[in-house]
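Student: sequence plus the predicted model coming up.
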Amino acid sequence: MNITVLGATGLTGRELVRQALARGHVVTAVARDPAKLDVEGVRRAAGDVRNPESMTHALAGTEVIVSALGVAKGERPGVLTAGARAVVASGAGRVVWLGAFGAGPSAAAAGRLTRTLLKAMGDRLSDKVTADAAILAAGGTVFHAGPLSLGPLGPGRRTVGLEDAPRRLFPARVSRATVAAAMLDEAESPRFAGRVAIPL
């Protein structure tokens, strides 16, 4: 399968690239500066979500997009919404997008403490919610993960729909490796198209 990874130079993006290659996929890594990606065997494409023309070029002919797009420190809100619009405009057959547990559709399941903490994000939270909504409306899958760690792949990992999300005071940490594996599972065999999925 040909998989395009957005946000490929970030921590979760690198994990997606590594695991996708290990699964035998042809991987195109899209980043503002793809030269920063130090993984062998990957195709590289330059694309900046704030430059729609660059994204049109980077995503041309894409079969599956898996996004770990994030907002760099000090960056203005709007990056995620711009990325989601570029992804939807690409017409990719399948989209798997990484969001945050407690944003938008998962707010009710997250609990009051998490919702309160996320409100401190201000416009960045609105950016996440708007981006997620665009992907869901286009039939993509949005993963809402709890706080991310650098731990190994969870041995008992599983993915559930939002309706089956565990109710906790604060969401459990989940490793980036586990999130990447869940997202690639969905890219290969979609179970949650047009829905929010929770990696556990």
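Tutor: Cool, got the structure.
Student: this protein: strands as residue ranges?
Tutor: Shown for the chain, the strands assigned by DSSP state E span residues 2-6, 26-31, 43-46, 64-67, 94-100, 141-145, 148-149, 159-161, 174-175, 196-199.
Student: would JSON lines of these with mean neighbour count and distance to Gly78 be doable?
Tutor: The way it works is simple: take the backbone N, C-alpha and C, and place the C-beta from them, glycine included. Shown next, in JSON lines, are the strands of the chain (neighbours: other C-beta atoms under 10 Å; distance: least, C-beta to C-beta, whole Å):
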{"stretch": "strand 2-6", "mean neighbour count": "26", "distance to Gly78": "15"}
{"stretch": "strand 26-31", "mean neighbour count": "24", "distance to Gly78": "18"}
{"stretch": "strand 43-46", "mean neighbour count": "16", "distance to Gly78": "20"}
{"stretch": "strand 64-67", "mean neighbour count": "27", "distance to Gly78": "16"}
{"stretch": "strand 94-100", "mean neighbour count": "26", "distance to Gly78": "16"}
{"stretch": "strand 141-145", "mean neighbour count": "26", "distance to Gly78": "18"}
{"stretch": "strand 148-149", "mean neighbour count": "16", "distance to Gly78": "22"}
{"stretch": "strand 159-161", "mean neighbour count": "16", "distance to Gly78": "29"}
{"stretch": "strand 174-175", "mean neighbour count": "21", "distance to Gly78": "27"}
{"stretch": "strand 196-199", "mean neighbour count": "25", "distance to Gly78": "22"}
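Student: can those go into CSV with extra columns for distance to Leu80?
Tutor: Converted to CSV, those look like this (distance: least, C-beta to C-beta, whole Å):
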stretch, distance to Leu80
strand 2-6, 10
strand 26-31, 15
strand 43-46, 19
strand 64-67, 9
strand 94-100, 9
strand 141-145, 11
strand 148-149, 16
strand 159-161, 22
strand 174-175, 20
strand 196-199, 15
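Student: Gly74: which of the ones you listed is closest?
Tutor: strand 26-31 (17.4 Å; C-beta to C-beta).
Student: same for the closest one, what does it pack against?
Tutor: strand 2-6, helix 11-22, strand 43-46, helix 52-59 (3 or more C-beta pairs under 8 Å, 6 or more residues apart in numbering; DSSP states H and E).
Student: try it again with 7 Å
Tutor: strand 2-6, helix 11-22, strand 43-46 (3 or more C-beta pairs under 7 Å, 6 or more residues apart in numbering; DSSP states H and E).
Student: before we move on, back to that, of the strands of the chain, which approaches Glu15 most closely?
Tutor: Taking C-beta to C-beta, strand 174-175 is the member of the strands of the chain nearest to Glu15, at 8.7 Å.
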